[in-house]
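**Student:** Kindly generate the corresponding structure for this input.
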Amino acid sequence: MTLLIVDDEANIRSSLQGALGREGYQVDVAASLSEARGKLRESYDLVLLDVWFPDGSGLDLLAEIMASTPDTIVIMMSGHATIDAAVKATRLGAFDFLEKPILLERLLVLLRNASATLALKAENRRLASPWAHGIVGKSPAVVKLLREIQLAGPSAARVLILGENGTGKELVARALHAAGPRHDQPFVAVNCSAIPEELVESELFGHERGAFTGATQSRRGTFEEAHHGTLFLDEIGDMSARSQTKLLRVLQESEIHRVGGNRAIKVDVRVIAATNQDLEGRVRTGQFREDLYFRLAVVPITVPPLRERTEDIPVLVEHFSGAVAKEAGGKPKSFTPAAVDLLGRYSFPGNVRELRNLVERLWIMTRGTYIGPEQVRAVLPPVERPEGRAARLGDAVKEFERKQIEDALLGAGGSMTKAALSLGLERSHLYKKMKKLGCRPESFSP
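**Tutor:** So this is what the prediction gives:
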């Protein structure tokens, strides 16, 4: 974290520079406004700025900083502080106003808060980036994924995307393309597992007329179609040994030969590959070429399964519900909190794709504007049992109690008093029971 101290008192500059340097900040100092303006040609995360200087007012410099680099955190300080100065500094955009003498503990707390604010602003910018469209979620796992895309996208490096089926690997590939300098060039996707072995070379490299039976005219392959753009090779782990060898040669030489042709065709393509398989394991067993693996996995990115980002389920449900309504031309339907809670307890082996399919099914099959837990329970697969064994009696009892309470609360419109009465329980007993079962009272009102 870079920090500039602007103060005309040498002892303050020296003491703060030493103390904050020991705390891990990269500290620079300026003794005047003119010196500070020169240093501020470079960017700083934080600025500690005095108010009074022989060559002017620190409030003027504050206004200049906010106009040119509004994300910079500026903390004003003064030994002759007035309410008017503090109010003006706040209005101009100062993060806070400190009175001298500066208490180091107070300053360190303030700087930690300022650093957290900077981090939050940075994450909000990442989440709002146009290239992130379609990658929905605010969990730490998604924030980490977006950060990796932001870093890898602008480079020319090949990326290997790893993840289970249904996690959204193609979305990540498209985001990498959109975040880079090739964003206005073609993005061509190929599913390697869907191409018959005898047609892989023709699909990737194209063919000349008469190259084989049925080749009545010349055809460009996907490498040529993606020239100057990005070629996404999905399910790369299913590629045969022969095709792997051909692909490796293209990656090494940046040129292709159409099937049945002798002419070398130069191609400028960024290759992004994806797989749901353990490619390192396939390398060890000789099923995947080690040299090709290292060519593809310059930057490996793992897409997390939905079970590792369950906090994203509510926002995904809302996103998919809106998308389905838009596609169908109908009115939006709302999932009750209890319905969303029930979805959150399911493991989703099919990941985000399975959740999207469930939301669409529920939207189609539910009349009215609300989708509740009963509708969700009707479409969810049976509760998984570990290793195929019957669930323990205690777990079955808890599930039964949870369902009875959910039904009672929904029938009572979320009223705890009415629900307790229908269940034959004291209201306080119902609260305790719900807390034990992990249910939230506010989740059961439509």
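
**Student:** Where does H429 fall, secondary structure wise?
**Tutor:** Per DSSP states H and E, H429 falls inside helix 427-437.

**Student:** what sits up against that helix?
**Tutor:** Helix 427-437 is contacted by residues 398, 401-402, 405, 416-417, 419-420, 423, 425, 440-441 when judged by CB atoms under 8 Å, 6 or more residues apart in numbering. Any C-beta I mention is one placed from the backbone N, CA and C, and that applies to glycine too.

**Student:** CA atoms of it as PDB?
**Tutor:** Presented in PDB, the C-alpha positions along helix 427-437 are these (Å, rounded to 0.1, in the frame of the first residue of the first chain):
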ATOM      1  CA  ARG A 427     -44.300 -19.700  20.800                       C
ATOM      2  CA  SER A 428     -41.000 -19.700  22.700                       C
ATOM      3  CA  HIS A 429     -40.600 -23.500  22.200                       C
ATOM      4  CA  LEU A 430     -41.100 -23.000  18.400                       C
ATOM      5  CA  TYR A 431     -38.400 -20.300  18.400                       C
ATOM      6  CA  LYS A 432     -36.000 -22.700  20.100                       C
ATOM      7  CA  LYS A 433     -36.900 -25.600  17.800                       C
ATOM      8  CA  MET A 434     -36.300 -23.400  14.700                       C
ATOM      9  CA  LYS A 435     -33.000 -22.200  16.000                       C
ATOM     10  CA  LYS A 436     -31.900 -25.800  16.600                       C
ATOM     11  CA  LEU A 437     -33.000 -26.800  13.100                       C
END
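
**Student:** Centre of the chain to it, how far?
**Tutor:** 36 Å (CA atoms, centre = their mean, to the nearest Å).

**Student:** returning to what we had before: now that we have the contacts of helix 427-437, which of them are buried?
**Tutor:** Buried residues within these, defined by neighbour count using 16 or more other CB atoms under 10 Å: 401-402, 405, 416, 419-420, 423, 425, 441.

**Student:** still on that earlier bit, the contacts of helix 427-437 in helices, which ones?
**Tutor:** Mapping the contacts of helix 427-437 onto helices (DSSP state H) picks out 398, 401-402, 405, 416-417, 419-420, 423.

**Student:** Which pair in these has the greatest spatial separation?
**Tutor:** The distance between the two most remote of these (CB to CB) is 23.6 Å, for K398 and T417.

**Student:** measure I135 to L33 for me?
**Tutor:** The gap separating I135 from L33 is 44 Å, by CB to CB, to the nearest Å.

**Student:** can you give me phi and psi for R249?
**Tutor:** For R249, the backbone dihedrals are phi -60, psi -40 (criterion: degrees, to the nearest 10).

**Student:** Assign a three-state SS to M76, would you?
**Tutor:** strand (DSSP: H, G, I helix; E, B strand; the rest coil).

**Student:** Can you tell me the element the spatially most central residue of the chain falls in?
**Tutor:** The chain has V142 as the residue nearest its centroid, 3.1 Å off, counting by CA atoms, centre = their mean. Per DSSP H and E, V142 falls inside helix 140-152.

**Student:** Equivalent analysis for E374, please.
**Tutor:** helix 373-379.

**Student:** Can you give me the buried ones in that helix?
**Tutor:** 373-376.

**Student:** Greatest separation within the contacts of helix 427-437: which pair is it?
**Tutor:** Maximum distance among the contacts of helix 427-437 (CB to CB): 23.6 Å, for K398 and T417.

**Student:** List the residues that contact D8.
**Tutor:** D8 neighbours (CB under 8 Å, 6+ apart): 31-32, 50, 52-54.

**Student:** pLDDT score assigned to it?
**Tutor:** If you check D8, the pLDDT there is 94.

**Student:** Now it: which helix or strand?
**Tutor:** Going by DSSP H and E, D8 is not part of any helix or strand.

**Student:** before we move on, back to that, I figured the residue nearest to the centre of the chain was touching R309, is that so?
**Tutor:** Yes. Counting by CB atoms under 8 Å, V142 does reach R309; the two are 6.1 Å apart.

**Student:** can you pull out the helices in the stretch 151-300 of the chain?
**Tutor:** With helices called from DSSP state H, counting those that start in this stretch, the stretch 151-300 of the chain shows them at 169-178, 200-205, 222-225, 241-253, 279-284, 290-296.

**Student:** Quick one: closest of these to L410.
**Tutor:** Here helix 169-178 is closest among the helices of the stretch 151-300 of the chain (CB to CB), at 34.9 Å.

**Student:** got the angle for the closest one vs helix 140-152?
**Tutor:** Counting by axes from the mean of the first three to the mean of the last three CA atoms, to 10 degrees, helix 169-178 lies at 40 degrees to helix 140-152.

**Student:** Name the surrounding residues that touch helix 169-178.
**Tutor:** With CB under 8 Å, 6+ apart as the criterion, helix 169-178 contacts 130-135, 145, 149, 152-153, 159, 161, 163, 183, 187, 189, 229-230, 232, 234, 270, 272, 274, 276, 301, 303.

**Student:** Alright, I will stop here.
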